[in-house]
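Peer 1: I need the structure of the sequence given here:
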Amino acid sequence: MIDINLIRENPDLVKNNIKKKFQDHKLPLVDEVISLDKQKRALQLEGDNLRAQRNSLAKQIGALMREGKKDEADKVKAVSVANNERVAAIEAETAEIENKLKKAMMSIPNIIADDVPLGKDDSCNVEGKVFLKPAEKSFDVPYHLDILESLDGIDLDSARRTSGNGFYYLTGDVARLHSAVLTYARDFMIDKGFTYCIPPYMIRSDVVTGVMSFEEMEGMMYKIEGEDLYLIGTSEHSMIGRFMGAVLTEDKLPQTLTSYSPCFRKEKGAHGLEERGIYRIHQFEKQEMIVICKPEESAEWYEKLWNYTVELFVSMEIPVRQLICCSGDLADMKYKSCDIEAWSPRQKKYFEVGSCSNLTDAQARRLGIRYKNLKTGRNEFAHTLNNTVVAPPRMLIAFLENHLQADGSVYIPPVLRPYMGGKEKLCPKNK
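Peer 2: Numbering: from 1, shown residues only. Predicted coordinates for the structure are as follows:
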């Protein structure tokens, strides 16, 4: 949610930003916000004036009664009653306008960075830096499910019976590899100075609407029936929500946290042939990183965060690239964002394994996350950022394809061997 002062003072900038995001249907929201804001302020002024008259009217009534002027006192009482009734009506009307205003404000996208490439959808995203040259394979790389099954590492049929499509059982060395990567990622981020957290896996609706847009919420979140609780789609949700309504002291910034959690997502819609298997699923585990910082620090943290993910994947000898998200591919609260994509030797292309975002103060405004500015003495909104450290389902695809050997075994890079009991490779079970 952007600052309403920006809409009041520079509505054209806000409208141009909406156009850059190819959301012209939202242009009327700017004028709606301006109109509602004027109505709200006019009502507040009227209400303040009426409240200010209360003491004066009360004094008049008292003086008239002492002078025995009951009729005149009754007339002033009638004015006082009418004033009180009007104040009550103003408060009700103001609350209704505030709800409309908040809904409209939460639908207006955050101002995007000047260097965000313009484009309508993800087909206009721009390649950034590339890390590690993909190795040429002398053999055809099978589909990742075939590799997993050769390692006796996955059971989809049982999962369909117990839970339906979009779920799986991981078993044996593959399950161990899954956990090893998460544990390595945890230690990697701790070594970067981040504090490790395990958050709640359910959050209330006021947190949900604070951390994401309405469109994202509808397409992602599972609601607990009969409860004001939602299963988290990523630990970022509960990690940022932890600071809802907080006023942090400047010496407590930046907050640098890394969190583990299972994640639950509806994943609505058809996703195509290459997204069968474990690419898009309803439940997975992830290591995440979030930062809450002063506004002047967020640009630097954004660069640090996505580079941490690159460093992690390169340490596991997996080629990756940065993909800069265009304006039309940014969620409404994002100032700028990039994906980290891993190389797929089978598909001969990159695919997304993580996403890094700077939301400036848009998320903090929704949740009321502020800090005490020691220079100005004022409470100001912090900036929030988030980034995927690693999400093993997609990481497993990249890992298996890139480290598959001609004999069907899977090479384990040195950084993961301590987490795998010293194993240097995974071997097919039928050999």
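Peer 1: ok, Met105 - contacts?
Peer 2: With contact set as C-beta atoms under 8 Å, 6 or more residues apart in numbering, Met105 has these partners: Met1, Ile2, Ile4, Val33. For glycine as for every other residue, the C-beta is placed from the backbone atoms N, C-alpha and C.
Peer 1: need those residues in CSV with distance to Glu380, neighbour count and secondary structure, can you?
Peer 2: Listed next are the contacts of Met105 as CSV, based on distance: C-beta to C-beta, whole Å; neighbours: other C-beta atoms under 10 Å; DSSP: H, G, I helix; E, B strand; the rest coil:
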residue, distance to Glu380, neighbour count, secondary structure
Met1, 15, 22, coil
Ile2, 15, 21, coil
Ile4, 15, 15, helix
Val33, 22, 23, helix
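Peer 1: so where do the strands sit in the stretch 251-400 of the chain?
Peer 2: Along the stretch 251-400 of the chain, the stretches classed as strands by DSSP state E, counting those that start in this stretch are 255-264, 283-293, 320-324, 336-344, 349-358, 370-372, 379-381, 383-390.
Peer 1: And these: which comes nearest Val79?
Peer 2: strand 379-381 (39.5 Å; C-beta to C-beta).
Peer 1: Pull out the buried positions in the closest one.
Peer 2: Buried residues in strand 379-381, counted by 16 or more other C-beta atoms under 10 Å: Phe381.
Peer 1: next one: stretch 71-87
Peer 2: Ala73, Val76, Lys77, Ser80, Asn83, Val87.
Peer 1: And the helices in the stretch 301-431 of the chain, which stretches?
Peer 2: 362-367, 392-403 (DSSP state H, counting those that start in this stretch).
Peer 1: Save those helices as CSV, and put in mean pLDDT and mean neighbour count too.
Peer 2: Below are the helices of the stretch 301-431 of the chain laid out as CSV (pLDDT from 0 to 100; neighbours: other C-beta atoms under 10 Å):
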stretch, mean pLDDT, mean neighbour count
helix 362-367, 94, 24
helix 392-403, 93, 24
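Peer 1: re earlier: winner for burial among the strands of the stretch 251-400 of the chain?
Peer 2: Highest mean neighbour count among those (mean count of other C-beta atoms under 10 Å): strand 383-390, with a mean of 27.
Peer 1: helices or strands next to it in the packing?
Peer 2: Helices and strands touching strand 383-390, by 3 or more C-beta pairs under 8 Å, 6 or more residues apart in numbering; DSSP states H and E, are helix 172-191, helix 235-241, strand 283-293, helix 298-315, strand 349-358, helix 362-367.
Peer 1: picking up where we left off before, mind putting the strands of the stretch 251-400 of the chain in TSV, mean pLDDT and distance to Glu300 included?
Peer 2: Formatted as TSV, the strands of the stretch 251-400 of the chain follow (pLDDT from 0 to 100; distance: least, C-beta to C-beta, whole Å):
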stretch	mean pLDDT	distance to Glu300
strand 255-264	95	12
strand 283-293	95	9
strand 320-324	97	16
strand 336-344	97	13
strand 349-358	95	10
strand 370-372	95	17
strand 379-381	95	18
strand 383-390	96	10
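Peer 1: Identify whichever of those strands lies nearest to Ser138.
Peer 2: Nearest to Ser138, of those and by C-beta to C-beta, is strand 336-344 at 16.4 Å.
Peer 1: Alpha carbons of that closest one, as PDB, please.
Peer 2: Extracted in PDB, the C-alpha atoms of strand 336-344 (Å, rounded to 0.1, in the frame of the first residue of the first chain):
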ATOM      1  CA  LYS A 336      11.400  -4.700  -8.000                       C
ATOM      2  CA  SER A 337      12.000  -8.400  -8.200                       C
ATOM      3  CA  CYS A 338      14.100 -11.000  -9.800                       C
ATOM      4  CA  ASP A 339      14.000 -14.800 -10.100                       C
ATOM      5  CA  ILE A 340      16.900 -17.100  -9.800                       C
ATOM      6  CA  GLU A 341      16.700 -19.800 -12.400                       C
ATOM      7  CA  ALA A 342      18.600 -23.100 -12.600                       C
ATOM      8  CA  TRP A 343      19.800 -24.800 -15.700                       C
ATOM      9  CA  SER A 344      17.800 -27.900 -16.900                       C
END
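Peer 1: From the contact counts, what lies against it?
Peer 2: So strand 336-344, by 3+ C-beta pairs under 8 Å, 6+ apart, packs with helix 298-315, strand 320-324, strand 349-358, helix 392-403.
Peer 1: out of those, nearest to Glu288?
Peer 2: Closest among the helices and strands packed on strand 336-344, once you apply C-beta to C-beta, is strand 349-358, at 9.4 Å.
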